[in-house]
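Trainee: Give me the fold of what follows.
(2 chains)
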Amino acid sequence: MSAPVRVRYAPSPTGDPHVGNIRAALFDWLLARRTGGAFIVRIEDTDRAREIPGAKERILEALTWLGLDWDEGPGKGGPFAPYVQSERQALGVYAEPAERLLASGAAYLCYCPTERLDAMRKAQQARGEPSRYDRACRDPAQREAMRALNDAPVVRFKTPTEGRLGVRDALRGEVEFDLSLLDDFVILKADGFPTYHLGHIVDDHLMEISHVLRGEEWLPSLPRHHLLYEALGFEMPVMAHLPIVLGPDRSKLSKRHGATSVLDYRDQGYLPEAMVNFLALLGWSVDGSTELISRADLIERFGLDRVLSSSAVFDVQKLDWMNGVYMRSMTHDELAERLLPLLEVGLPEDAPRPIDPAYLAAVVPLEQERLKRLSDAPDLLSFFFVEQPRYNPMRIIRKGMARDGAREAIDRSLRAAEALDEWDAPSLERTYRALADELGLTSGQLFGALRVAVTGREAAPPLFDTMAVLGKQRVVARLRAAGGFLGAMPVAC
RNA sequence: GCCCCCAUCGUCUAGAGGCCUAGGACGCCACCCUUUCAAGGUGGAGAUCAGGGGUUCGAAUCCCCUUGGGGGCGCCA
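Mentor: From the prediction side, this is the model:
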């Protein structure tokens, strides 16, 4: 019988929630939900200098947006509270194991000044050697000498100077490391805070974590962690190093590739369900053909066994497609509801507020399949809401039409609109098809001219449905305005 | 430089020795539908499975080498 699955997402509040990072959180969450285990969030804020105010909140915001609810963690509490390392540090959580290692001789105090370490690294790099600590303070005499220069020691862990160590990674199998290449790394900083190495091992143990899913950038420190687990007498959880998420140039996805924060994607109008679907398929698959998968099915089908160990490029084009699919699969009401707040702030000033929900409900069906992202809406829908869309009147004159012809077409269209009693799409279509014939224009020409006059755009939803929704009054006013524009245009064209 | 990881269409992937003259999806192209734009439908181009050696009756699948890409080498995580 195996212990219950307990997984944790342990972000450091030093910036916005990166997609690669959040993908790890998603896998954690899926594994927990799949197995009926627990998903824990722990904040690793042991670097006070790099901490960014508000970052923690934004990370939690991202999880919430994606619907990755946590069972234990900030704002939630739990049997192993607190879940913030700075608070745990204050409680002495890390000092105790550090003392123990010191007492057993597995660790030692190091007084080397930062300047010395920096100089040493520089020299090593200049010589083309890997930079690592020279273990000066392992020697009591040297330690005393260093102490005279610096009275705030760190605690370093003694690593073996030779041998090889195989450590198991859940995705790759056994990975072998040369221990002689390891240096004595710091586990407790001069300020009393643990480094990542000590902090996460102690907390994962205390919090009874069963599986650690983290980025592949941690793979090189796996032997260190193995050694620490051993020295502390803790059992090592299952370790899985997830492949790196790459940018289009195949280097680690970063700011210069564009948006890296999932909150950026939220702000750009992507749907959380699309984001979850997309992220789940980055480095994991159900089979060879499933692309669209619901959250429920994701939970049902997820497993570490189908997680890849090769890195994947974050393909925004595919995300766009997928988001469009989710946009189209929403009910009109759902979409209208999500669009309303965006339109309130995003529509041009002259669109009347508050937005009439009934009118929006009529507009949404016409635009839904044309929206790729929520944020496309203010721009795409604005002509439905403003009094008079702005456009270049030249565009009313369609291919093969003269200015006078266009003018006449618009005038006649205006009169036809004014005379029309049945203001619905079929009646409008009948009327204007007949008018096109009468004017000797193709329907494409007339409809194109009308589309520009009525919407200000050359690409818009079906013309007559649009006119029907806009209403007779608006359409008449816009046609009248269009006639005026054409009349006022310089003759040159 | 050293260590580690990875390697199937441009991209995400299926493939766990014969079912592969390598399947799906995004993107791309063409056609159809059509009042525009979308959406949808149909079809197409696109991978000698990075290269070379083995193992085997048989290799995209196993082993080795090379090459390429990525990651790591902090009192950062």
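Trainee: before we move on, what SS does residue A:165 have?
Mentor: Three-state assignment for residue A:165 (DSSP: H, G, I helix; E, B strand; the rest coil): strand.
Trainee: Contacts only, for it.
Mentor: Residues counted as contacts of residue A:165 (C-beta atoms under 8 Å, 6 or more residues apart in numbering) are A:176-177, A:179, A:223, A:226-227. C-betas here are computed from N, CA, C, even on glycine.
Trainee: if you set the cut-off to 10 Å instead, what comes out?
Mentor: A:159, A:174-179, A:182, A:222-224, A:226-227, A:230 (C-beta atoms under 10 Å, 6 or more residues apart in numbering).
Trainee: go on, residue A:408?
Mentor: For residue A:408, the contacting residues are A:401-402, A:439, A:441, A:483, A:486, by C-beta under 10 Å, 6+ apart.
Trainee: got TSV for these, with distance to residue A:388, secondary structure and neighbour count too?
Mentor: Below are these laid out as TSV (distance: C-beta to C-beta, whole Å; DSSP: H, G, I helix; E, B strand; the rest coil; neighbours: other C-beta atoms under 10 Å):
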residue	distance to residue A:388	secondary structure	neighbour count
A:401	22	coil	20
A:402	25	coil	10
A:439	25	helix	16
A:441	25	coil	21
A:483	13	helix	22
A:486	15	helix	23
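Trainee: is it possible to export those residues to CSV including distance to residue A:347 and pLDDT?
Mentor: What follows is the contacts of residue A:408, written out as CSV (distance: C-beta to C-beta, whole Å; pLDDT from 0 to 100):
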residue, distance to residue A:347, pLDDT
A:401, 32, 84
A:402, 36, 86
A:439, 35, 93
A:441, 34, 92
A:483, 26, 93
A:486, 27, 87
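Trainee: And the furthest pair within those?
Mentor: Farthest pair in these (C-beta to C-beta) is A:441 and A:483. Separation: 16.2 Å.
Trainee: rewinding a little: export the contacts of residue A:408 as a markdown table, with columns for distance to residue A:6.
Mentor: Putting these into a markdown table (distance: C-beta to C-beta, whole Å) gives the following:
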| residue | distance to residue A:6 |
| --- | --- |
| A:401 | 71 |
| A:402 | 76 |
| A:439 | 74 |
| A:441 | 71 |
| A:483 | 72 |
| A:486 | 71 |
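Trainee: Would you reformat these as a markdown table and include distance to RNA strand B?
Mentor: Conversion of the contacts of residue A:408 to a markdown table gives the following (distance: C-beta to the nearest atom of the strand, whole Å):
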| residue | distance to RNA strand B |
| --- | --- |
| A:401 | 14 |
| A:402 | 19 |
| A:439 | 15 |
| A:441 | 11 |
| A:483 | 20 |
| A:486 | 20 |
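Trainee: Return the member of those nearest to residue A:144.
Mentor: Comparing the contacts of residue A:408 against residue A:144 with C-beta to C-beta picks out residue A:486 as the nearest, at 93.7 Å.
Trainee: From residue A:446, how far off is the closest one?
Mentor: 14 Å (C-beta to C-beta, to the nearest Å).
Trainee: what's the answer for residue A:90, then?
Mentor: Residue A:90 is 76 Å from residue A:446, where distance means C-beta to C-beta.
Trainee: neighbour-wise, which of those two wins?
Mentor: Looking at residue A:90 and residue A:446 with other C-beta atoms under 10 Å, you find the greater number of neighbours at residue A:446, namely 25 against 11.
Trainee: Which helix or which strand is home to that one?
Mentor: Remark: residue A:446 resides in helix A:443-455, with elements defined by DSSP states H and E.
Trainee: Can you name every helix or strand that that helix contacts?
Mentor: Judged by 3 or more C-beta pairs under 10 Å, 6 or more residues apart in numbering; DSSP states H and E, the packing partners of helix A:443-455 are helix A:377-385, helix A:403-419, helix A:425-439, helix A:463-470, helix A:472-488.
Trainee: re earlier: for the contacts of residue A:165, work out which two are farthest apart.
Mentor: Largest separation among the contacts of residue A:165 by C-beta to C-beta: A:159 and A:174, giving 19.4 Å.
Trainee: between those two, who's got more neighbours?
Mentor: Remark: of residue A:159 and residue A:174, residue A:159 carries more neighbours, 22 against 9, as counted by other C-beta under 10 Å.
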